[in-house]
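S.K.: Sequence and predicted structure are below.
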Amino acid sequence: MPRWAIPKPSIRLPSSTRRRPIRPARHPQLQPRTPPARVQRPPARTGSPRTSRPSRRSLSTTRTCSRRRRSSSRRPPSTTGSGSSRNRRATSTSTSEVPAGLSEHRFTWLDVFADAPLEGNGLAVVHDADDLDDATMLALARETRLSETTFVQRASESGADYRNRIFTLAGELAFAGHPSLGTAVAVARARGESQARFVQQTTAGLQPIEVRLDGDRAQAAMLQEPASFGPELDPADVLGVASLAAKESVAQLPPQPVSTGLWQLIAPLRSAAALARAEPDAHALAELSQAAGTTVLYLAHCPPGGDARARGFLLDAAGRTLEDPATGSAAGPLLAYLHRRTGRRELRIRQGDEMGRPSVLTASLSGDRVEVSGNVVTLVEGTLRL
């Protein structure tokens, strides 16, 4: 078994719950069963026939039928990835049913841009989420405390296979990289497809995604939107936010907002040492992000012909600085930025090492768009009741 594979648990039901064949009694003289001598039965009431106690055989048959009925009512909700909501709402008070007012949703937890479990950027995916309102989706995103949580809904745009709603702890995003790849893998697993091509719908547009599964491991690639470029910014203003001097910038590569679906502030650095020293101030980062209209400050050291190293900084709902272990929506803008200035067409990015969440992102140019790809590992699959 490869290192990255998570062994699937083998579940054996307790012997008391297994169905056993009903055999004829070997000692007819013992039936009907006589109660222990110390237990005194009350005398039968006059004029009212006494109902006989069911035999052990009839009790066993009744319990077996009851288990069959409960088992048939536990079929998991459909998760097709098209967003069709077929969640069952409870009409029974049985503990095997969903409580009244709640619905069941299939749930997948993955690590994206990861070569092994507990690396890369974590993602929670909720399937068949058409019946969930925005407040519930935001509340669940805050419950998971991951950088993003996604909700698969029915597509409303022609040509799309599903709609991907992406929520951070602060609110909804128009687009994001690792939530797009991870959601596509979760949808493919739910459909039972080992290879798939999807078109996801986000607020930013339609993005084609290809997925190839291999057990709990997958590879996913997404074609992001054509690049847009904002105005160049003063290196001193940008790097000062990260406690770095302007001399740490690259003269030919000034900071600039770039979007391939979501505006990110790209700021190349001269050395990996400068990248390691970066410590953004939350207040200054908030002001810069608002002024530039960007979400993530993406600092990167990009030696010619070698792998890039990057760190992404953003703000949480409370205005505190967060570091992102892998930022797919910034990997595309970084390559688009380098291609425009240096002609580079491919880029391998390492990110998250400082956080103990090593991530590897690959970006390549395809016409006027950037394709971002990486490995995805599935950690948990289950059911949520919301």
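M.R.: Everything's here; your move. These figures come from a predicted structure and were not determined experimentally. Numbers count the residues shown, from 1 in each chain.

S.K.: what residues are up against the closest residue to Gly328 other than its chain neighbours?
M.R.: Counting by Cβ to Cβ, 6 or more residues apart in numbering, Gly328 lies nearest to Gly177, which is 1.7 Å off, once chain neighbours are set aside. Any C-beta I mention is one placed from the backbone N, CA and C, and that applies to glycine too. Contacts for Gly177 (Cβ atoms under 8 Å, 6 or more residues apart in numbering) come out as 222, 224, 261, 326-332, 361, 372.

S.K.: try 6 Å this time
M.R.: Applying Cβ atoms under 6 Å, 6 or more residues apart in numbering to Gly177 gives the contacts 328-329, 372.

S.K.: ok, those vs Val211, which is closest?
M.R.: Distance ranking of the contacts of Gly177 against Val211, using Cβ to Cβ, places Val372 first at 13.5 Å.

S.K.: Next, the buried residues of the helix or strand where that closest one lies.
M.R.: Using DSSP states H and E, Val372 sits in strand 369-385. For strand 369-385, burial by neighbour count (16 or more other Cβ atoms under 10 Å) applies to 369-379, 384.

S.K.: Now do that strand: which elements does it pack against?
M.R.: If you count contacts as 3 or more Cβ pairs under 6 Å, 6 or more residues apart in numbering; DSSP states H and E, strand 369-385 packs onto strand 104-112, helix 177-191, strand 217-223, helix 328-342, strand 359-366.

S.K.: quick check, distance from the first one to the centre of its chain.
M.R.: Think strand 104-112. Relative to the centre of its chain, strand 104-112 is centred 5 Å away, using Cα atoms, centre = their mean, to the nearest Å.

S.K.: For it, give the mean pLDDT please.
M.R.: The predicted model assigns strand 104-112 a mean pLDDT of 97.

S.K.: same thing with the shortest one?
M.R.: pLDDT averaged over strand 217-223 equals 98, rounded to a whole number.

S.K.: again, but for the last one
M.R.: Averaged across strand 359-366, pLDDT comes to 98.

S.K.: how big is the angle separating that strand from helix 177-191?
M.R.: Angle of strand 359-366 versus helix 177-191, following axes from the mean of the first three to the mean of the last three Cα atoms, to 10 degrees, is 90 degrees.

S.K.: So what are the sheet partners of strand 359-366 and their directions?
M.R.: strand 346-351 (antiparallel), strand 369-385 (antiparallel) (DSSP bridges).

S.K.: Can I get those in TSV including mean pLDDT?
M.R.: Listed next are the strands paired with strand 359-366 as TSV, based on pLDDT from 0 to 100:
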stretch	mean pLDDT
strand 346-351	99
strand 369-385	97
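
S.K.: In a markdown table, list these along with distance to Pro208.
M.R.: Converted to a markdown table, those look like this (distance: least, Cβ to Cβ, whole Å):
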| stretch | distance to Pro208 |
| --- | --- |
| strand 346-351 | 19 |
| strand 369-385 | 9 |
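
S.K.: And for stretch 275-286, what's in contact with it?
M.R.: 241-243, 269, 299, 301, 309, 313, 315, 319-321.

S.K.: Closest to Asp130 out of those?
M.R.: Checking the contacts of stretch 275-286 against Asp130 with Cβ to Cβ, the nearest one is Leu315 at 30.2 Å.

S.K.: who's the closest one bridged to?
M.R.: Thr321.

S.K.: tell me the pLDDT at it?
M.R.: 92.

S.K.: for this protein, which spans come out with low pLDDT?
M.R.: 1-96 (pLDDT under 70).

S.K.: ok, now with 50
M.R.: For the chain, the stretches flagged by pLDDT under 50 are 1-34, 39, 44, 46-95.

S.K.: rewinding a little: would you format the contacts of Gly177 as CSV with distance to Ala286 included?
M.R.: Output for the contacts of Gly177, formatted as CSV (distance: Cβ to Cβ, whole Å):
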residue, distance to Ala286
Gly328, 23
Ser329, 19
Val372, 27
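
S.K.: Please enumerate residues in contact with stretch 309-325?
M.R.: For stretch 309-325, contacts defined as Cβ under 6 Å, 6+ apart pick out 121, 147, 169-170, 272, 275, 280, 282, 285-286, 295-301, 327, 330, 349-352, 355, 357, 359.

S.K.: Can you measure across stretch 125-142, start residue to end residue?
M.R.: End-to-end distance of stretch 125-142 (Cα to Cα, to the nearest Å): 13 Å.

S.K.: Tell me how far Gln290 lies from Leu315.
M.R.: Applying Cβ to Cβ, to the nearest Å, the value for Gln290 to Leu315 is 10 Å.

S.K.: In terms of packing, which of these two has more residues around it?
M.R.: Taking neighbours as other Cβ atoms under 10 Å, Gln290 and Leu315 compare with Leu315 leading, 22 against 10.

S.K.: just the helices in the protein please.
M.R.: 56-72, 134-144, 177-191, 235-241, 272-277, 282-292, 328-342 (DSSP state H).

S.K.: Of the ones you listed, which is nearest Ala114?
M.R.: helix 177-191 (9.6 Å).

S.K.: Name the residues of that closest one that are buried.
M.R.: 177-190.

S.K.: ok, those vs Asp134, which is closest?
M.R.: For the buried residues of helix 177-191, the nearest to Asp134 is Pro179 (16.4 Å; Cβ to Cβ).

S.K.: who wins for proximity to Pro99 among the strands paired with strand 359-366?
M.R.: Nearest to Pro99 among the strands paired with strand 359-366 is strand 369-385 (7.0 Å), distances taken as Cβ to Cβ.

S.K.: got the contact list for that closest one?
M.R.: Outside strand 369-385, the residues within contact range by Cβ under 6 Å, 6+ apart are 4, 98, 102, 104-105, 107-115, 117, 177, 182, 185, 216-224, 226, 260, 328, 331-332, 335-336, 361-364.

S.K.: Okay then, goodbye and thanks.
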